[in-house]
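*Asks:* got a predicted model here, sequence first, then my questions.
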Amino acid sequence: MIPDKALQQHVAILGKTGAGKSYCARGIVESLLDQQHRVCVIDPKGDWWGLRLSATGKSAGYPVVIFGGAHGDLPINAHAGGSIAELVATGNRPTILDLSELTMGERTRLFMDFAAGLFRHNKGPLWLVIDEVHNFAPQGKVLDPDAGKMLHWANRLASEGRGKGIQIIMASQRPQKVHKDTLTCAETLVAMRVVHNLDRAALKEWMDGAGDKGKAAAVLNSLAGMPRGEAWVWSPELGYFERVKSPKIRTYDSMSPAPPDATPLKGWAEVNLDDVRTKLADVVKEAEANDPRLLKKEIADLKKELNYSRARPDQFTVQQEVQKAVREAENNWRRQHVAEITERDRIIRDLSGRMGKAAGKAGELAAMLHVNGEATPRPIPVPAKTVSKPAPSINVPRTTVQKPGEQPIGGGLRRMMAALAQRPGLSARQLGVRSGLSSSSGTFSTYLARGRTEGWISGDRSRMELTPVGASALGDYDPLPEGPELAAYWLGELGDSGAARILRALIEAYPEALTKEALGERAGLSAGSGTFGTYLSKLRTLELVEGRSELKASEELF
C-alpha cells in the first residue's frame, strides 16, 4: 500500500472516525514486524492488542509485549514512561503502550517521560506508531505546564527524531487538532475520508506545501466520499501519488466490537517478561520514592496526623502549662496549620480560667482569716475573667487567627487556596474550575488580589502556588477531587438539573465535541430554548464547558 522508501520517513494517516486509519496503520505494522523491524505503538484507546493473535483468534500472532490496559502483560502507572522508553530503545522487543486506563494527567506524565527517554537512549531504526496523535501533540493554547512539556517532546520527536533513528507513523481522526509543527514533519500523507471543513483545511495546509494544486484538488474533491479503507497516498519527495485500498490485516481485528456470541480467544502469543518485569519494577519504585507530588502528600498526611495526636499537658503546674503552650505555638506557627494555633489558644484560655479560679479561691480563703479578732468572712476583689467561646470541633476546617478588622478566609477564596494546596502550579482557568468560579469574573479577581496582598498566593495567572504563609493561614482543608472524581463532584453539586444532564452528556462524549443540537438531544433539552441557554451559561461560568459552536467538557474533568 505504501512504498517501503516512504516508511523510512514520517507518515501521517488522517481521516474521520470509521475511515479505517487504525486498520491501515495495523497493516503497515504487520509488514514491519514481518521484516523483524523494531516497532513501538502508543495506543490511547486500548485496541491494538489483537497483534498478539491470528485473524481467527485461535492461533498466535506476533510476540509483542503489551504494557498496561486490560490485555497487558505488565501494569503501568504515570511514573513508568522513562523506564519503558529505556527498554524499548535498548532492546529488540516490539511493544504496545496501552494508555486507555490512565487518566489524562497520568497519560500526559507518562508520554512526556517516555518521549524524553526514547530521544535520549534510542540507537538504530525504530518505528514509533502514535495513534490518535492529537492527544499528545494538541493544536491550540496549552494551559497546563505538563501538557506543554508533552507537546514539546512530541514536536521534538517529529522534528529531530529521524536523527536518532526514529520514524513516526502518526494517525488522527481530528487533523485540525494535530499541532502543525508535528503534522508538517510528515513527508508522506495518507488521506482517508474527511468531512469537517476544519479537518479538510488541515489536510489542505499540508498539501499546499507539496506544491501541486492539481493533485491537491483531486484529493480534496474526493475526501468526503471515500469508502472505508481507501486512501490517497502522497509522498512528494518520492514522486508517489496513488489512490489505494488497505490490504486485509492478518492479525485479530481488535479494533471492531466483538459480537455477544464471540468464541473465546485461545492463540495468545507468548513473550519472555522476566527481565522486563524486574527492571520496570525497580525503576518505577525509585521514581515513586523521589516524586515531589508523592512526597508533598506524605508530608501533608504526617502534618494531619500530628494535628490529631497532640497530647494534653496535664502533667505540669498551671504556670508551666501556659509557658509550654505559648513556647510551642511561637516556635511552630509558621510551619504548622492554623488548627494548632487555635488549639494553643484554647489551652491558654482554659489555663487562664483555671488560674483565675485559683486566685478566687485564694481570696476566699484570705477572707476567712481573723480580722480584728473575729473570723468574719470578708469578700476581696477577684480579677475579672475573660469569657471566651469554646474551641471549634477538630473536624471542622479552621480559619486563621484574625487581626482586628481583618476579614476571615472563607467561601471562594478558601476554595481557591485549598485547590492550590492540593495541586501547585494551576493556571487561572484551572483554579476557576476547581473552586467553582469564573476566572474572568470580578469576584475571582478580588479573591486573587487579596490572596496576593496577604502573601498567601504567588505567581501570575499562568501558574500560581500557595505560599508557606498561605498554607499556615489555610489550615486544615477538605481535599478537592481530581480528574473523573472532579467530574463526579460537579455532577453531585449540580444535582438533578438540566445543567447536570448537559455536563453528563459532554463527559460521555469526550473527547468528541458536540453541536448544541446534538447536545440538547442527548440531554433531553431543546437547544433553542432559553432554559438550555441558562444551563449552558451556568456551566460556562463554572468553566466546565469549552467551545462555542461545538462544545465539549473541560479537560480538567479527565
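*Replies:* Arrived safely. Everything quoted here is computed from the prediction, not taken from an experiment.
*Asks:* quick one: contacts of the helix or strand where I28 lies?
*Replies:* Using DSSP states H and E, I28 sits within helix 21-34. Residues from elsewhere that reach helix 21-34, judged by C-beta atoms under 8 Å, 6 or more residues apart in numbering: 1-2, 7, 11, 13-15, 39, 41, 47-48, 50-51, 62, 64, 94, 127, 129, 131, 169, 171-173, 190, 192, 229, 231, 246-251, 253, 255. All C-beta atoms are positioned from the backbone trio N, CA, C, and that covers glycine.
*Asks:* these, buried ones only, as a PyMOL selection?
*Replies:* A single PyMOL command selects the buried members of the contacts of helix 21-34 (16 or more other C-beta atoms under 10 Å):
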select buried, resi 1+2+7+11+13+14+15+39+41+47+48+50+51+62+64+94+127+129+131+169+171+172+173+190+192+229+231+246+249+251+253+255
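*Asks:* tell me which of the contacts of helix 21-34 fall in strands.
*Replies:* Among those, DSSP state E puts V11, I13, L14, V39, V41, W127, V129, I169, A171, S172, V190, A231 in strands.
*Asks:* any idea which of those residues is closest to R434?
*Replies:* Nearest to R434 out of the ones in strands among the contacts of helix 21-34 is S172 (C-beta to C-beta; 29.7 Å).
*Asks:* which residue comes closest to G520 once chain neighbours are left out?
*Replies:* A527 (3.3 Å; C-beta to C-beta, 6 or more residues apart in numbering).
*Asks:* for the one you found, phi and psi?
*Replies:* When quoted as degrees, to the nearest 10, the phi and psi of A527 stand at phi -70, psi -20.
*Asks:* shift numbering so it begins at 10
*Replies:* Okay, using 10 as the starting number, the last item reads as A536.
*Asks:* go ahead and confirm it touches L523.
*Replies:* No - with contacts counted by C-beta atoms under 8 Å, A536 stays clear of L523, the gap being 10.0 Å.
*Asks:* between these two, which one's more packed in?
*Replies:* A count of neighbours by other C-beta atoms under 10 Å puts L523 above the other of A536 and L523, at 22 against 16.
*Asks:* going by distance to E246, which of the ones in strands among the contacts of helix 30-43 wins?
*Replies:* Nearest to E246 among the ones in strands among the contacts of helix 30-43: V20, at 12.1 Å, using C-beta to C-beta.
*Asks:* pLDDT at the closest one, what is it?
*Replies:* Per-residue confidence (pLDDT) for V20: 95.
*Asks:* do the one 5 residues further on as well
*Replies:* Note on K25: pLDDT of 90.
*Asks:* and it, what does it touch?
*Replies:* Q182, M201, R202, V203, V204, H205, D208.
*Asks:* per-domain residue ranges of the protein.
*Replies:* Annotated domains of the chain cover 13-259+284-298, 322-376, 420-483, 492-566 [automatic domain parsing].
*Asks:* where among those domains is average confidence lowest?
*Replies:* domain 322-376 (a mean of 55).
*Asks:* quick one: what helix or strand has the residue most central in space within the chain in it?
*Replies:* The centroid of the chain falls nearest to G114 when counting by C-alpha atoms, centre = their mean (2.5 Å). Here G114, judged by DSSP H and E, is contained in helix 113-130.
*Asks:* any idea how far that helix is from the chain center?
*Replies:* Remark: helix 113-130 is offset 14 Å from the chain centroid, using C-alpha atoms, centre = their mean, to the nearest Å.
*Asks:* which positions in the helix or strand hosting E494 come out as buried?
*Replies:* According to DSSP H and E, E494 maps onto helix 492-503. By neighbour count on 16+ other C-beta under 10 Å, the buried set for helix 492-503 is G492, L495, A496, Y498, W499, L500, L503.
*Asks:* chain center to that helix: distance?
*Replies:* For helix 492-503, the distance to the chain centre is 15 Å (C-alpha atoms, centre = their mean).
*Asks:* by contact count, what packs against it?
*Replies:* Other elements packing on helix 492-503 under the criterion 3 or more C-beta pairs under 8 Å, 6 or more residues apart in numbering; DSSP states H and E are helix 507-518.
*Asks:* show me the contact partners of the helix it packs on.
*Replies:* By C-beta under 8 Å, 6+ apart, the surrounding residues in contact with helix 507-518 are 496, 499-500, 503, 523, 528, 531-534, 540-541, 544-545, 547-548, 553-554, 560-562, 566.
*Asks:* ok, now with 6 Å
*Replies:* 496, 500, 503, 528, 531-532, 534, 544, 547-548, 553, 561-562 (C-beta atoms under 6 Å, 6 or more residues apart in numbering).
*Asks:* got CSV for the residues you listed, with distance to G77 too?
*Replies:* As requested, the contacts of helix 507-518 are arranged in CSV below (distance: C-beta to C-beta, whole Å):
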residue, distance to G77
A496, 22
L500, 27
L503, 33
L528, 32
R531, 30
A532, 33
L534, 38
Y544, 37
K547, 37
L548, 32
L553, 29
K561, 25
A562, 24
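*Asks:* and which of the residues you listed is nearest to K150?
*Replies:* For these, the nearest to K150 is K561 (14.7 Å; C-beta to C-beta).
*Asks:* surely Y486 is in a strand?
*Replies:* No - going by DSSP: H, G, I helix; E, B strand; the rest coil, the assignment for Y486 is coil, not a strand.
*Asks:* how much space separates it from S444?
*Replies:* As judged by C-beta to C-beta, to the nearest Å, Y486 and S444 stand 12 Å apart.
*Asks:* the two: which has the busier surroundings?
*Replies:* Set Y486 next to S444 and count neighbours by other C-beta under 10 Å: S444 wins out with 24 against 18.
*Asks:* the more buried one and I466: what is the separation?
*Replies:* According to C-beta to C-beta, S444 stands 12 Å off from I466.
*Asks:* what's the answer for A458, then?
*Replies:* For A458, the distance to I466 equals 9 Å [C-beta to C-beta].
*Asks:* and those two? Which one has more around it.
*Replies:* Shown here are A458 and I466; by other C-beta under 10 Å, I466 has more neighbours (23 against 11).
*Asks:* skip the chain neighbours and tell me the closest residue to that one.
*Replies:* Leaving aside its sequence neighbours, I466 sits nearest to G460 (C-beta to C-beta, 6+ apart; 3.6 Å).
*Asks:* that neighbour - that's part of a strand, no?
*Replies:* No - counting by three-state DSSP, G460 is not part of a strand but helix.
*Asks:* run a quick neighbour tally on it.
*Replies:* Neighbours of G460 under the rule other C-beta under 10 Å: 22.
*Asks:* can you check A514 too?
*Replies:* A514 has 21 neighbours, counted by other C-beta under 10 Å.
*Asks:* can you tell me the closest non-neighbouring residue to it?
*Replies:* Nearest residue to A514 in three dimensions, chain neighbours excluded: R531, at 3.9 Å (C-beta to C-beta, 6+ apart).
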